[in-house]
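> next one to model:
(one chain, ligands or ions: 3)
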Amino acid sequence: MFGSFRRKKVETAPSAVSHIAFIMDGNGRWAKRRGLPREAGHRAGAKTFSRIVEHCIALGIPTVTVYAFSTENWRRPKQEVDAIMELLDRYIEDTFSRYADRDVEVVFLGRRDGLSPSLVEKMERLENESRGRKTRVNIALNYGGRDEIVRAVNRLYEEGKLPCDEQTLSAALDTAGRPDPDVVVRTGGDYRTSNFLLWGSAYAEYFFTGTLWPDFTERELDRILTDYAKRHRRFGGL
Ligand code: IPE
Ligand code: IPE
Ligand code: MG
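Ligands and ions are numbered 1, 2, ... in the order given. Model prediction:
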């Protein structure tokens, strides 16, 4: 009897995901299919971003990371880059009130240089106001996985901490203090990391879907999490 009780408990246990990350890709193609400018795809994508982050918080996932703008995305036309920055600015403005009374901490991953001073000021204000809260939302903005590692190594060099071990390097990354991602979801149909969380996702479970980011739903995420629960993570063992 005790044995069956224990088995049942395991079956109904909440998903053991402590960190989920999203490569939010496909906004441009979503717009193109509708005969709209790419900026319209980013506007739709921003709504999906809010919806999906809310869903992850509701599921009780402690850390959620989203890839909003890469160090390589500066190669896009200025008009598109400006539109993305404007959307991020608005998202941050809205977030002050949305998360004011909630246990959500927002942290930005990536380089601050190259971003507008007014955007950086808002990012830092949001980080300061939300610091120490329970659920972490990481927004990767002007982020590159290689850049993150290089900045960490240079900082350790300046602090006289080299040579170092894996733990020390992990602690010097933008993602320090939270567990590595268990799950990385990429929408948009491409099978690549595009320089996202290169260090932390060493043993992440990847999920690739052809769904374009603006069309990504809570239901599809639930299906991914059900699949994740069936995967056997070995971490190099047996
Ligand atoms: C992802 O969508 C958003 C960013 C990279 C900022 P894309 O803009 O890359 O959309 P596609 O891949 O061109 O469809
Ligand atoms: C990855 O998408 C970056 C973000 C989602 C922010 P990209 O559209 O930039 O990736 P590539 O260029 O197709 O590899
Ligand atoms: Mg893309």
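> counting neighbours, what do you get for the residue in the chain that ligand 2 sits nearest to?
Using CB to the nearest ligand atom, the single residue of the chain nearest to ligand 2 is S194, 3.6 Å away. Bear in mind the C-beta positions are built from the backbone N, C-alpha and C, glycine included. A count of nearby residues for S194, using other CB atoms under 10 Å, gives 15.
> which ones are touching it?
For S194, the contacting residues are I23, D25, Y67, S70, E72, by CB atoms under 8 Å, 6 or more residues apart in numbering.
> quick check: phi and psi on the last one?
In this entry, E72 is assigned phi and psi values of phi -90, psi -10 (degrees, to the nearest 10).
> separation between it and N142?
10 Å (CB to CB, to the nearest Å).
> give me the below-cutoff pLDDT ranges for the chain.
The chain contains residues with pLDDT under 70 at 1-15.
> the helices in it, which residues?
Shown for the chain, the helices assigned by DSSP state H span residues 2-11, 27-33, 38-59, 78-98, 117-130, 145-158, 166-172, 218-230.
> now those helices as CSV including distance to ligand 1?
CSV is the format used below for the helices of the chain (distance: least, CB to the nearest ligand atom, whole Å):
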stretch, distance to ligand 1
helix 2-11, 37
helix 27-33, 3
helix 38-59, 6
helix 78-98, 5
helix 117-130, 15
helix 145-158, 15
helix 166-172, 26
helix 218-230, 17
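> can I get the ones you listed in CSV with mean neighbour count and distance to L212?
Putting the helices of the chain into CSV (neighbours: other CB atoms under 10 Å; distance: least, CB to CB, whole Å) gives the following:
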stretch, mean neighbour count, distance to L212
helix 2-11, 8, 34
helix 27-33, 19, 4
helix 38-59, 19, 8
helix 78-98, 15, 16
helix 117-130, 14, 26
helix 145-158, 16, 23
helix 166-172, 14, 33
helix 218-230, 14, 11
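> so which of E72 and N142 has more stuff around it?
Taking neighbours as other CB under 10 Å, E72 and N142 compare with N142 leading, 23 against 11.
> against F49, how distant is the more buried one?
Applying CB to CB to N142 and F49 gives a distance of 16 Å.
> narrow the contacts of S194 to those that are buried.
By neighbour count, with 16 or more other CB atoms under 10 Å, the contacts of S194 hold I23, D25, Y67, S70 as buried.
> those: which two are farthest apart?
D25 and S70 (10.3 Å; CB to CB).
> show the contacting residues for M123.
M123 neighbours (CB under 8 Å, 6+ apart): I92, F108, R112, L115, L141.
> my guess is the last one contacts F108, does it?
Yep, that's L141 we're talking about. Yes - when contacts are counted by CB atoms under 8 Å, L141 is listed as touching F108 (5.4 Å).
> okay, now C164: neighbour count?
Neighbours of C164 using other CB under 10 Å come to 16.
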